[in-house]
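>>> Kindly return the folded structure for what I paste below:
(one chain, ligands or ions: 2)
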Amino acid sequence: MTNLLQTWHDEHATFSRLLSVLEQQVNGFHAGEDPSYELMLDIVEYLRHYADQFHHPREDAAFARLLRRSPELRPQINRLVQEHRVIATAGEDLLSRLREIIVGAVQPKAAVETAAATYLIYYRHHIATEERDLLPRAQALLQADDWAAVDSAVPGGSDPLHTARYAALRREIASLG
Ligand SMILES: [Fe+2]
Ligand SMILES: [Fe+2]
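Ligands and ions are numbered 1, 2, ... in the order given. Purely as a prediction, here's the structure:
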């Protein structure tokens, strides 16, 4: 089941690229340019849709199995599971601000910029911690039955990034090179 580990890592790479696109928009925003709110919305919607509903629950399942093999990881894993909830809440907050802007509601510019910047910092730190500390542990400690349990804990999570809904987002990622 090491393919699940590879998928786990590949999804982090995809999320990181999306966060880079979001950051470009936020930087433009800060410099007084008009960002593409639709693009920002696509990114956060995708992350709310896929990461919060499939990637993070699968991690929670993997973390539960890791805890059986390595109980000393409990403080760090508790923190990461809590961060999944914070990321979902922060993403929803940012999403609602972006939706309001798109329909023409007045939003303080600084508030949207701050919400996006906070989301970026928090998310990147979260992914970096998992890549540095948790994936190597999972690779070393989880057995075939653990991976099977992770796979069956959150079934049916095909990545919507490959659907027509996110075609524009795919083009943006491709243009990053
Ligand atoms: Fe996570
Ligand atoms: Fe993750």
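>>> Quick one: mean pLDDT for the helix or strand that contains Leu19?
Per DSSP states H and E: Leu19 is located in helix 2-30. Average pLDDT, helix 2-30: 91.
>>> Could you give the separation of it from the chain centroid?
Distance, stretch centre to chain centre, for helix 2-30: 7 Å (Cα atoms, centre = their mean, to the nearest Å).
>>> Count the residues that sit near Leu176.
Number of residues near Leu176 (other Cβ atoms under 10 Å) recorded here: 10. C-beta coordinates here come from the backbone N, C-alpha and C atoms, glycine included.
>>> you'd agree Pro57 is up against Val154?
Yes - in this structure, Pro57 is within contact of Val154 by Cβ atoms under 8 Å, at 4.6 Å.
>>> before we move on, the earlier item: give the other helices and strands that the helix holding Leu19 contacts.
In terms of contacts (3 or more Cβ pairs under 8 Å, 6 or more residues apart in numbering; DSSP states H and E), helix 2-30 is packed against helix 37-46, helix 56-69, helix 109-129, helix 135-141, helix 144-153, helix 167-175.
>>> For that helix, list every residue counted as buried.
Buried residues in helix 2-30, counting neighbours by 16 or more other Cβ atoms under 10 Å, are found at 4-5, 8, 11-12, 14-15, 17-19, 21-22, 24-26, 29.
>>> just flag whichever of the helices and strands packed on helix 2-30 has the lowest average confidence.
When these are compared by mean pLDDT, helix 167-175 comes last with a mean of 86.
>>> Any chance you could list what contacts it?
The contact list for helix 167-175, computed with Cβ atoms under 8 Å, 6 or more residues apart in numbering, reads Thr14, Arg17, Leu18, Val21, Glu38, Leu39, Asp42, Ile43, Tyr46, Leu161, His162.
>>> what touches both of Pro57 and Val154?
By Cβ under 8 Å, 6+ apart, Pro57 and Val154 have no common neighbours.
>>> quick revisit: how about the contacts of helix 167-175 in CSV, adding distance to Glu92?
Formatted as CSV, the contacts of helix 167-175 follow (distance: Cβ to Cβ, whole Å):
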residue, distance to Glu92
Thr14, 20
Arg17, 22
Leu18, 17
Val21, 20
Glu38, 18
Leu39, 18
Asp42, 15
Ile43, 14
Tyr46, 14
Leu161, 20
His162, 24
